[in-house]
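sequence plus predicted model, see below.
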Amino acid sequence: MSTPATHDAWAVAEMSAAETRSANRLTILWVVVMLALAPILVLLGMTMRGAQANLLPMLAAERFYSILTLHGLGMVGVWFVAAMAGTCAVLRKYVRLHLWANWTAFLGTLVGVVLLIVATLIGKYGAGWYFLYPLAITPKGVWQAWTTYTFLSAITVLGVAWTVWSIDALWGIARRYSLPAALSWHYITGKKGPEVPPFILIVTVSLIANLTGLISAVVMLALYALELAGITDVSDALVMKNLVFLFGHIVVNVTLYLGVGLLYELLPEYADRPWKNNRWVAIAWNIVLVLIFTAYFHHLYMDFVQIRVLHLIGQVSSYGLALPSAVVSIYGTLALVWRARMRWSMASLLMYCGVVGWCVGGIGALIDSTIAVNVKFHNTLWVPAHFHTYFLVGVVLMILGGVFHLSDKLSGLPENLRRSRWCTAMIVVGGYGFVLMFYLGGAMSIPRRYAQYHELISTGTLLAGTALVFITVLLIGLLMYIWETGLRCAVALKKV
């Protein structure tokens with residue numbers, strides 16, 4: 001593959017020193033927001049498990065479900081913007097990005113978060129992150145109409161801000177490479193074209209998918225607005241459910257893929273080996289781009305009125321998505337690290353452990369995406385088990401590793417490797433112990449989304465209490481990470 005000489009100087013020529021400093025400041029602000037919100041959202045999760053362990057018997061059901069809504073949407077949102085912020089910080093090495101788009105996303109995220117907090121913690125909005133029709137707009141007296149409007153406004157603001165951000169990043173990539181080149185089609189066909197780093201390929205796939213998911217959210221919100229305005233009734237709950245799960249499935253998976261993109265780009269620095277693009281990498285990620293739009297059907301197996309062939313497509317697509325990740329990315333990581341002179345710092349440890357969590361969680365997801373198994377596991381704790389695994393001890397660790405790498409580079413502070421290893425160990429051990437209680441609960445058919453188990457499900461109470469011990473260990477490790485990364489952000493802000 002040949003690389004035009006103009007490409008190497010393109011990003012540098014387009015970005016002044018002042019713009020670089022401003023971009024670095026904004027990256028640090030994103031990190032600060034992540035560091036501030038992450039432990040709060042962990043505490044909300046601990047509150048729910050504490051209620052299920054009967055340690056908080058006074059927590060009313062409506063309060064539990066409002067916390068569940070904030071925790072679910074908050075976690076997905078925080079790690080999505082963290083992944084996007086880290087991705088954009090690295091992407092500036094290759095393409096021109098507009099700072100105003102990043103600021104739009106930052107300010108929009110802050111406004112959306114405030115609206116979401118008001119709707120859930122003050123208005124007691126408790127329809128869940130999935131806010132299914134018609135529950136989302138017919139609360140039956142649990143919350144008032146203004147709460148519904150506030151919640152849907154929060155989703156709208158966040159969606160608009162993230163759409164602007166995604167379009168700008170994709171536009172920057174298209175300007176330099178063209179979309180067919182960025183998708184590495186010339187690697188597949190064997191034709192001549194620019195050298196495209198795997199990072200660019202993965203980010204391009206992620207952004208195209210993300211914009212499609214956001215479009216589905218726009219359609220869904222427009223239908224809600226028409227009904228709330230009294231113009232028309234939606235009446236088709238299955239259409240609304242398909243839209244919300246297409247949106248939610250894509251946003252969660254895009255967050256994962258952006259984390260994997262950071263892994264492709266940053267881990268080679270610690271292995272002192274390149275991670276080159278090739279035909280198989282290109283084929284794998286183009287398969288991901290196709291299957292991500294159909295795999296979400298595995299969320300709707302219980303909807304017997306759905307066309308049956310869509311369920312089959314969901315299972316086949318879910319299995320198909322596992323092949324590119326397992327064969328290319330996971331084995332690629334193992335090959336990169338094998339017999340390399342690895343520098344095992346906080347960043348490289350977290351990213352590598354994130355790949356392991358992705359693999360373990362992916363196996364749990366494959367089991368759950370099998371129709372014959374899903375019939376038994378769908379409404380049990382197995383579901384939060386697998387997505388907490390690939391999210392909490394998977395993509396979150398990749399993002400934490402990438403964020404630490406960026407803050408470390410900007411600050412130049414020396415790293416205490418012993419403290420870094422203790423921090424990583426506590427996050428990993430606490431995380432796996434926490435999700436293990438979910439898996440055990442799922443295997444025992446303990447239902448999910450119960451505010452309290454009481455004496456009817458005593459095993460669920462015991463597992464929830466044990467999970468609290470492990471999540472406390474994780475929280476201590478996370479606070480250690482926040483301390484280390486926060487120091488670096490403070491130093492970096494003075495430098496830039």
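That came through, no problem.

hang on, Ile367 packs against Thr380?
No: taking CB atoms under 8 Å as the definition, Ile367 is not a contact partner of Thr380, at 12.0 Å. To be clear about C-beta, it is placed using only N, CA and C from the backbone, and glycine gets the same treatment.

neighbour-wise, which of the two wins?
A side-by-side neighbour count of Ile367 and Thr380, using other CB atoms under 10 Å, places Thr380 first with 19 against 15.

and the more buried one, how far is that from Gly442?
Spatial separation of Thr380 from Gly442 under the definition CB to CB, to the nearest Å is 4 Å.

report the central residue of this structure.
Thr255 (3.3 Å; CA atoms, centre = their mean).

list the contacts for that residue?
76, 79-80, 83, 391, 395, 399 (CB atoms under 8 Å, 6 or more residues apart in numbering).

before we move on, what about Gln144?
Gly123.

state the distance from it to Gly123.
Applying CB to CB, the value for Gln144 to Gly123 is 7 Å.

so Ile446 makes contact with Ile457?
Yes: under the contact definition of CB under 8 Å, Ile446 touches Ile457, with a separation of 5.8 Å.

the two: which has the busier surroundings?
Residue environment comparison for Ile446 versus Ile457 gives the larger neighbour count to Ile446, 22 against 19, counting by other CB under 10 Å.

can you give me the helices in the stretch 1-150 of the chain?
Remark: helices assigned in the stretch 1-150 of the chain by DSSP state H, counting those that start in this stretch are 5-14, 17-52, 61-91, 99-117, 145-177.

next, format these as JSON lines and append mean neighbour count.
Supplementary listing: those in JSON lines, determined by neighbours: other CB atoms under 10 Å:
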{"stretch": "helix 5-14", "mean neighbour count": "12"}
{"stretch": "helix 17-52", "mean neighbour count": "18"}
{"stretch": "helix 61-91", "mean neighbour count": "23"}
{"stretch": "helix 99-117", "mean neighbour count": "18"}
{"stretch": "helix 145-177", "mean neighbour count": "20"}
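
mind listing the helices for the stretch 151-300 of the chain?
Counting by DSSP H, counting those that start in this stretch, the stretch 151-300 of the chain has helices at residues 179-182, 185-189, 198-228, 237-271, 279-291.

which strands or helices does the third one pack on?
Contacts defined by 3 or more CB pairs under 8 Å, 6 or more residues apart in numbering; DSSP states H and E place helix 198-228 against helix 61-91, helix 145-177, helix 179-182, helix 237-271, helix 279-291.

quick one, which of those helices gets closest to Val435.
Among the helices and strands packed on helix 198-228, the nearest to Val435 by CB to CB is helix 61-91 (13.8 Å).

quick check: angle from the closest one to helix 145-177?
Between helix 61-91 and helix 145-177, the angle formed by their directions is 20 degrees, by axes from the mean of the first three to the mean of the last three CA atoms, to 10 degrees.

what angle sits between helix 61-91 and helix 198-228?
Going by the same axes, to 10 degrees, helix 61-91 makes 140 degrees with helix 198-228.

what about helix 61-91, distance to the chain center?
Centre-to-centre, helix 61-91 and its host chain are 8 Å apart (CA atoms, centre = their mean, to the nearest Å).

what does stretch 168-177 give?
From the chain centre to the centre of stretch 168-177 is a distance of 22 Å (CA atoms, centre = their mean).
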